[in-house]
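J.: Pasted the sequence and its predicted model underneath.
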Amino acid sequence: MKHLDLSEANLLEPRLLRLFDALFTTGSVTKAAEKLGQSQPTISIWLARLRKELDDPLFIRSAEGMLPTPRAEALIGTARQALEMLRRLAELRSEFDPATAKRRFVICMTDASHITLLPAILAYVRRAAPGIRIEAAQIGGDTPRMLQSGEADLALGYISDLDAGHFQQALFPQDWVCLANAGHARIRDRITAKDFRREAHVLIRSGTGHQLLADALKEQQIVLDVALELPGFLGLPAIVGTTDLIATLPRHIGETLAHYYGLRVLDCPLAIAGFTVKQYWHARFHHDPASQWLRGVCGELFQQQEVRGLHRSGRTKKRRPRDFPS
């Protein structure tokens, strides 16, 4: 008898192992086909491949049905063990219990999200998953790579261009508002386009908002009287609250700052492209239970009905600010 050299043999496909087991159990090609949900011609093709791979007839036709050869009888135990291991592998799934988990999540976000989103996330996590640590990282050009490598688990904000292999889920839309001192001498319940051009401004030179605002000003040929530029939102409430400067920023951060610092929120008279805040993650971690839990938390906290939807990013051309996937 020729012995199979396992070092040179091709690995058997799982379907051939299932056929081996079905034929050994039923002793019938017809019954094996029914058990596997295949046609008899397909079973015959598979059996021919199985015989070739194992270099043995394996089953011989007789009046009593398909009788196993001695080699088939010697291999059936190993084949069934292999099938059982494959079943266990298919069923194997790492579980994530937030109540007992000890791990760190890295979330890329803007500094505005430190004010608008992070407190709600942290409050939820502290209640539901006290062993979880959150680390906030800056969202930027390196974010897609960080998501792919696993250095970051999630990104919250607006990323205009994503490589293939990333998922995104819309959370809520953003338009624009102006913030003013509640006691502003010239601005009361509304700010007109004329007011907007006349007043001095404080600009934030970071985040999605900066570029969209700059594009709108350029397109409409408006030159602002800029008295102050800031790298982030940290000092903005104190500046607006103690001067007559106007700040133009996305609604969520604007309303949040106004609520905590007693500032006046006004509809922006300048036409500026809106955008949708989304959460982003890489396809490598799409089925990871821990990642799914974190995305579920953010969806539960922030997703609004009008923007619900999940879609996978492809490599696309750069979109104009108003062109967002649904």
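T.: That came in fine, so what should we check first?
J.: show me where the stretch 151-300 of the chain has helices.
T.: Remark: helices assigned in the stretch 151-300 of the chain by DSSP state H, counting those that start in this stretch are 193-198, 207-219, 236-242, 251-261, 289-302.
J.: And those helices, which one averages the lowest pLDDT?
T.: Here these differ in mean pLDDT, and the lowest is helix 207-219 at a mean of 87.
J.: Packing partners of it?
T.: helix 111-116, strand 200-204, strand 246-250 (3 or more CB pairs under 8 Å, 6 or more residues apart in numbering; DSSP states H and E). From N, CA and C alone the C-beta is placed, and that goes for glycine too.
J.: still on that earlier bit, next, format the helices of the stretch 151-300 of the chain as a markdown table and append distance to N181 and mean neighbour count.
T.: Output for these, formatted as a markdown table (distance: least, CB to CB, whole Å; neighbours: other CB atoms under 10 Å):
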| stretch | distance to N181 | mean neighbour count |
| --- | --- | --- |
| helix 193-198 | 13 | 14 |
| helix 207-219 | 20 | 17 |
| helix 236-242 | 6 | 17 |
| helix 251-261 | 10 | 18 |
| helix 289-302 | 29 | 17 |
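J.: Need the ones you listed in a markdown table (columns: distance to F96).
T.: A markdown table is the format used below for the helices of the stretch 151-300 of the chain (distance: least, CB to CB, whole Å):
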| stretch | distance to F96 |
| --- | --- |
| helix 193-198 | 49 |
| helix 207-219 | 31 |
| helix 236-242 | 38 |
| helix 251-261 | 29 |
| helix 289-302 | 4 |
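J.: For T42, which of those helices is the nearest?
T.: helix 289-302 (36.4 Å; CB to CB).
J.: Would you mind getting the angle between that closest one and helix 251-261?
T.: Here the directions of helix 289-302 and helix 251-261 differ by 70 degrees (axes from the mean of the first three to the mean of the last three CA atoms, to 10 degrees).
J.: From the contact counts, what lies against helix 289-302?
T.: Counting by 3+ CB pairs under 8 Å, 6+ apart, helix 289-302 packs on strand 103-109, helix 118-128, strand 154-157, strand 166-174, strand 275-282.
J.: sorry, back to before: for S39, which of the helices of the stretch 151-300 of the chain is the nearest?
T.: Here helix 289-302 is closest among the helices of the stretch 151-300 of the chain (CB to CB), at 38.4 Å.
J.: Return the distance of R188 relative to G77.
T.: 87 Å (CB to CB, to the nearest Å).
J.: now do L270
T.: 77 Å.
J.: higher neighbour count, these two?
T.: Legend: neighbour count by other CB atoms under 10 Å for L270 and G77, higher for L270 (17 against 9).
J.: Quick check: phi and psi at that one.
T.: phi -90, psi 130 (degrees, to the nearest 10).
J.: Equivalent analysis for the one 3 residues further on, please.
T.: As for A273, its main-chain torsions (degrees, to the nearest 10) stand at phi -60, psi 130.
J.: That one against L212, yeah?
T.: Yes - under the criterion of CB atoms under 8 Å, A273 makes contact with L212 at 5.3 Å.
J.: Just to confirm, which residue in this structure is farthest away from the center?
T.: Distance from the C-alpha centroid of the chain peaks at A63, with 59.4 Å (CA atoms, centre = their mean).
J.: Tell me the confidence at that one?
T.: Reading off the model, A63 has pLDDT 88.
J.: State the distance from it to A112.
T.: Distance from A63 to A112, by CB to CB: 81 Å.
J.: go on, V297?
T.: V297 sits 19 Å away from A112, going by CB to CB.
J.: and what of Q40?
T.: 65 Å.
J.: neighbour count winner among those two?
T.: When Q40 and A112 are compared for neighbours, A112 comes out ahead with 26 against 12, by other CB under 10 Å.
J.: my read: the more buried one touches I253, true?
T.: Yes - counting by CB under 8 Å, A112 does reach I253; the two are 4.2 Å apart.
J.: what sits in contact with each of the two?
T.: F233 (CB atoms under 8 Å, 6 or more residues apart in numbering).
J.: What count of nearby residues applies to L12?
T.: 16.
J.: low-confidence ranges in the chain?
T.: Residue ranges of the chain with pLDDT under 70: 1-9, 91-94, 208, 305-326.
J.: and if we set it to 90?
T.: By pLDDT under 90, the weakly predicted segments of the chain are 1-12, 35, 63-64, 83-95, 140-141, 159-164, 205-211, 232, 304-326.
J.: Just the residues contacting the helix or strand hosting G77, thanks.
T.: Taking DSSP states H and E as the definition, one finds G77 inside helix 70-91. For helix 70-91, the surrounding residues in contact (CB under 8 Å, 6+ apart) are 1, 12, 14, 17-18, 20-21, 24, 54, 56, 58-59, 68.
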